[in-house]
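Colleague: Predicted model and sequence below, questions to follow.
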Amino acid sequence: MYIIALILAVLIVFAMAFYAGTLLFKLKNQNEARKIKVNKRIANITESIQTIAKAVEQKQCNLSEASIRLYHLLESLPILDKPDFSLQYPGLFELYNAVKDLPTHKDRSQQPKLVTRKQDIQRESLEAKLEPQIIAEMKQLTHFSINQ
């Protein structure tokens, strides 16, 4: 009787150990798949950052639009211990903070033309002031990379 109970106990322990091993194997595979997806996302975002920076250097993209796009790309990087990009690219972030709340598309077309023109003058003035600094930051961003 004790032998049967002992054999049954050993079988249960082996079955539970096998099940735990199966779960650990699945978890390992999930973590590897997640890491591959995260690395692919980082690569895509990095490529987009570099492309926008090159477009700004070549005057194919205005500074305000670039600041908005780059801000959101930098902030969306799925990395731990994300550096403070506002310290690395202060001109870009200053311009972003100045233009982020300006109306666009339909809202812009529905406001009075005088208000739109005033906003454009303020934006263009800030762009002109920050352009040398932002262009220097774009040179850095054309070689942007995250070491993971």
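Modeller: Now that the structure is in, tell me what you want to look at.

Colleague: who's in contact with the worst-scoring helix or strand of the chain on mean pLDDT?
Modeller: The least trusted helix or strand in the chain, going by mean pLDDT, DSSP states H and E, turns out to be helix 105-110, with a mean of 80. With contact meaning C-beta atoms under 8 Å, 6 or more residues apart in numbering, helix 105-110 is reached by 102, 116. For glycine as for every other residue, the C-beta is placed from the backbone atoms N, C-alpha and C.

Colleague: Buried residues, the next helix or strand after that helix. List them.
Modeller: Toward the C-terminus, helix 105-110 is succeeded by helix 113-141 as the next helix or strand (DSSP states H and E). Going by neighbour count (16 or more other C-beta atoms under 10 Å), the buried part of helix 113-141 is 123, 126-127, 130, 134, 137-138, 141.

Colleague: which one of those residues is nearest Lys113?
Modeller: Checking the buried residues of helix 113-141 against Lys113 with C-beta to C-beta, the nearest one is Arg123 at 15.3 Å.

Colleague: Quick check: the gap between the closest one and Arg108.
Modeller: Arg123 sits 12 Å away from Arg108, taking C-beta to C-beta, to the nearest Å as the criterion.

Colleague: Need the residues touching each of these two.
Modeller: Common contacts of Arg123 and Arg108 (C-beta under 8 Å, 6+ apart): Leu102.

Colleague: all helices in this protein, in order from the N-terminus.
Modeller: Counting by DSSP state H, residue ranges of the helices within the chain are 2-57, 63-75, 85-88, 90-99, 105-110, 113-141.

Colleague: Of all those, which one is nearest Asn147?
Modeller: If we rank these by C-beta to C-beta, the stretch that ends up nearest is helix 2-57, at 10.2 Å.

Colleague: Could you identify the least confident member of the buried residues of helix 113-141?
Modeller: Among these, Arg123 has the lowest pLDDT, at 90.
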